[in-house]
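Chemist: Next come a sequence and a model predicted from it.
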Amino acid sequence: MKTASVRPFPMSHVLSTYARFPVTLVRGEGSRVWDDAGKSYLDFCTGIAVCSLGHCPPRLVEAIREQAGTLLHVSNLYFTPQQEELARVIVEDHVKIPGKVFFANSGAEANDGLIKTARRFGHAKPQADGAPRYEVLSFTKSFHGRTLGGISATGQDKVKEGFDPLPQGFRHLPLNDLAALEAAIAPETAAILLEPVQGEGGVNVATPEFLRGVAALCKKHDLLLLLDEVQTGFGRCGQAMAWRALAAEIEPDAISWAKGMGGGFPIGAFWLSDRAIDDAGKALSSLMGPGSHGTTYGGNPLACTASLAVLAEIAEKDLNSNVLRQEQRIREQIASWELPVITEVRGIGLLLGVGIDATKFAVPEGKLPAAFVCGKMLEAGLLVPPAGPDTIRLLPPLNVSDAEIDEALSTFKAVLSSLS
Ligand SMILES: *Cc1c(COP(=O)(O)O)cnc(C)c1O
């Protein structure tokens with residue numbers, strides 16, 4: 001097994017909000033990154049599902065370089081062609097349901113946009129007594145970002161500690177339990193928000209029946225169906241959108257994205273359907289009109305150019321096919337090992353979670369099993385992030401090669417075998 005020397009980099013002036021792995025990365029190319037001592041690593045973390053084309057893909061680098069020398073930023077007070085073109089590509093080629101896009105800079109911001117839309121909807125379609133509806137139902141183990149809106153929607157207590165009072169109007173239900181969800185719908189409920197595949201919370205997949213059931217409940221109770229595709233969207237799950245890989249026929253009302261859509265350049269977005277919300281034909285997307293929302297940086301020409309290059313490369317190289325083929329290869333290889341320490345492989349496409357049985361090896365005190373194993377993988381030359389306490393995520397670039405998958409899996413197997 002290859003081993004790499006790992007050493008920490010003291011960051012005394014950076015706020016210590018992250019427990020970082022002890023390595024300093026300085027360069028990347030394709031599926032690999034290099035540390036400051038010149039050691040290379042296979043990167044199956046990809047900035048947490050961000051670098052969808054790997055590191056420094058020539059097409060993206062060239063597009064950014066050229067746009068940076070032409071026009072970096074103006075303001076949303078003016079039109080720019082890149083923003084309109086990206087919105088058109090997203091609506092026509094990816095969502096394929098008429099609607100409008102708002103550009104933000106991150107996933108949490110995009111989700112705040114969904115939450116604000118739900119509140120506007122609750123005002124436009126109030127309760128029987130005229131009081132606005134406001135509540136958003138989401139799910140335990142979900143993750144929706146770190147703004148106050150994002151942590152309120154997130155179904156994990158650890159992100160909320162010490163930040164109360166939080167914005168009101170959120171409740172969390174167990175994923176894939178339709179009866180519990182239906183029982184929870186109250187007069188004040190306005191929307192249901194979910195990740196088709198929960199990423200941070202452990203790679204938990206919403207079942208097709210559940211997704212169909214949620215969509216039916218939304219119709220029955222006049223609720224908005226909000227999908228958080230921040231981690232799953234734009235090819236990560238082998239389809240333009242993960243919901244289509246699970247239950248293609250359902251029609252969401254709103255979707256948020258970030259992570260992979262910029263390939264490493266920061267950009268987020270949300271889409272609102274043009275569907276009518278009342279008998280007069282008022283479009284849902286019209287609820288967020290002039291003055292309702294804004295951002296200084298969102299949708300600047302540089303970010304939109306970067307995203308256009310990423311989406312064009314995914315489409316032209318048919319990377320969705322590679323994603324599905326590599327998922328199959330990973331599943332087959334891991335199954336063939338028959339390692340007792342591996343409990344299961346969850347997820348779809350190249351958003352895969354490998355469950356590990358922490359009773360099969362010794363975990364140092366104070367460490368979560370998955371984070372401990374990820375540290376061992378790093379020492380062996382493979383970057384992978386944890387997802388929840390006992391799941392290792394595999395998030396290779398969408399254009400990862402057979403040889404790179406084989407190399408990563410051989411390291412993965414060697415590390416897990418040496419533990420148990
Ligand atoms: C990462 C993530 C977010 C937050 O995105 P940021 O860009 O970090 O704000 C929200 N939802 C999901 C599903 C995510 O994976």
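Modeler: Thanks, I have it.
Chemist: Now do residue 304, the pLDDT please.
Modeler: Here, the pLDDT recorded for residue 304 equals 98.
Chemist: wouldn't it be in contact with residue 88 here?
Modeler: No. In this structure, residue 304 is not within contact of residue 88 by Cβ atoms under 8 Å, at 11.0 Å. Every residue, glycine included, has its C-beta placed from N, CA and C.
Chemist: So for the two, which residue has more residues nearby?
Modeler: Using other Cβ atoms under 10 Å, the more surrounded residue of residue 304 and residue 88 is residue 304, with 26 against 11.
Chemist: what residues are up against the residue of the stretch 251-400 of the chain found nearest the ligand?
Modeler: Closest residue of the stretch 251-400 of the chain to the ligand, Cβ to the nearest ligand atom: residue 258 (4.3 Å). By Cβ atoms under 8 Å, 6 or more residues apart in numbering, the contact list for residue 258 reads 104, 106-107, 109-110, 230, 266-269.
Chemist: so which strand or helix has residue 392?
Modeler: Assignment of secondary structure by DSSP states H and E places residue 392 within strand 391-394.
Chemist: Who are the packing partners of whatever helix or strand comes next after that strand?
Modeler: The element immediately downstream of strand 391-394 (helix or strand, assigned by DSSP H and E) is helix 402-419. When contacts are defined as 3 or more Cβ pairs under 8 Å, 6 or more residues apart in numbering; DSSP states H and E, helix 402-419 sits against strand 40-43, helix 319-337, helix 369-379, strand 382-383.
Chemist: Using the three-state scheme, assign the nearest residue to residue 101 once chain neighbours are set aside.
Modeler: With sequence-adjacent residues excluded and distances taken as Cβ to Cβ, 6 or more residues apart in numbering, residue 101 is closest to residue 87, at 4.1 Å. Of the three states, residue 87 takes helix under DSSP: H, G, I helix; E, B strand; the rest coil.
Chemist: Name all residues that make contact with residue 87.
Modeler: 100-101, 103.
Chemist: which residues does the closest residue to the ligand within the chain contact?
Modeler: Closest residue of the chain to the ligand, Cβ to the nearest ligand atom: residue 107 (2.3 Å). Residue 107 sits next to 144-145, 150, 228, 230-231, 256-259, 268 when contact means Cβ under 8 Å, 6+ apart.
Chemist: and if we set it to 10 Å?
Modeler: Shown in contact with residue 107 (Cβ atoms under 10 Å, 6 or more residues apart in numbering): 143-147, 150, 228-231, 233, 256-259, 261, 268-270.
Chemist: What does the pLDDT read for it?
Modeler: 98.
Chemist: got the residues of this protein near the ligand?
Modeler: Residues of the chain lying near the ligand by Cβ under 6 Å from any ligand atom: 106-108, 111, 143-145, 195, 199-200, 228, 230-231, 258-259.
Chemist: from what I can see residue 388 touches residue 203, true?
Modeler: Yes. The pair residue 388 / residue 203 is scored as a contact, 7.9 Å apart, by Cβ atoms under 10 Å.
Chemist: got the buried residues for the strand holding residue 392?
Modeler: Across strand 391-394, burial judged by 16 or more other Cβ atoms under 10 Å covers 391-394.
Chemist: again with stretch 180-187
Modeler: 181, 185.
Chemist: where does the residue of the chain most remote from its centre fall, phi/psi-wise?
Modeler: The centre of the chain is farthest from one residue, residue 129, which by Cα atoms, centre = their mean lies 37.9 Å away. Torsion angles at residue 129 (phi, psi; degrees, to the nearest 10) stand at phi -90, psi 10.
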